[in-house]
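**Student:** Predicted model and sequence follow; I will ask about them next.
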Amino acid sequence: MTVTEKSENLVRVCAVEELAPGNVTRVNLQPPIAVYNIEGEFYATADWCSHDKSSLADEGFIENGEIECGWHFAKFCIKTGAVTAPPAAAPLTKYEVQVVDGAVYVLVEG
């Protein structure tokens with residue numbers, strides 16, 4: 001997904017209805033960010049698996065609040081970014097998400 005709007009450090013990702021529950025989308029920033037809808041709540045983490053830079057949004061699998069890397073099957077908690085299964089050892093960077101006027105935004109640094 002391309003960045004559609006950026007205001008200071010708040011990046012518009014999509015309209016709420018564009019990201020259905022149980023789905024994830026990739027935001028093409030540097031570094032890329034994965035934004036998830038888990039039961040109507042939105043979360044964001046680094047998109048690249050901390051083990052080997054696989055795109056979690058493009059190649060991962062969501063199950064029980066976790067994202068599983070499609071390459072080597074490391075798992076991470078979507079809500080916290082914590083590693084829940086190896087081979088990854090480092091957690092994913094977590095980003096703040098805001099929903100404003102029906103749109104999903106991610107807060108990014110500088």
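**Tutor:** Cool, the structure landed.
**Student:** Go through stretch 29-46 and flag the buried ones.
**Tutor:** P32, I33, A34, V35, Y36, N37, I38, F42, Y43, A44, T45, A46 (16 or more other Cβ atoms under 10 Å). Backbone N, C-alpha and C define where each C-beta goes, glycine included.
**Student:** Now that stretch: average pLDDT?
**Tutor:** When pLDDT is averaged along stretch 29-46, the result is 97.
**Student:** now do stretch 49-64
**Tutor:** pLDDT averaged over stretch 49-64 gives 96.
**Student:** Kindly check the end-to-end length of it for me.
**Tutor:** Taking Cα to Cα, to the nearest Å, stretch 49-64 runs 18 Å from one end to the other.
**Student:** from the chain's centre, how far out does it sit?
**Tutor:** 9 Å (Cα atoms, centre = their mean, to the nearest Å).
**Student:** how far away is the residue most central in space within the chain from E109?
**Tutor:** Nearest to the mean C-alpha position of the chain, counting by Cα atoms, centre = their mean, stands A34 at 2.3 Å. A34 sits 17 Å away from E109, going by Cβ to Cβ, to the nearest Å.
**Student:** returning to that earlier point: isn't the residue nearest to the centre of the chain right next to C69, touching?
**Tutor:** No - using Cβ atoms under 8 Å, A34 is not in contact with C69; the gap is 11.2 Å.
**Student:** Now do the shared contacts for the two.
**Tutor:** Residues touching both A34 and C69 by Cβ atoms under 8 Å, 6 or more residues apart in numbering: L56, G60.
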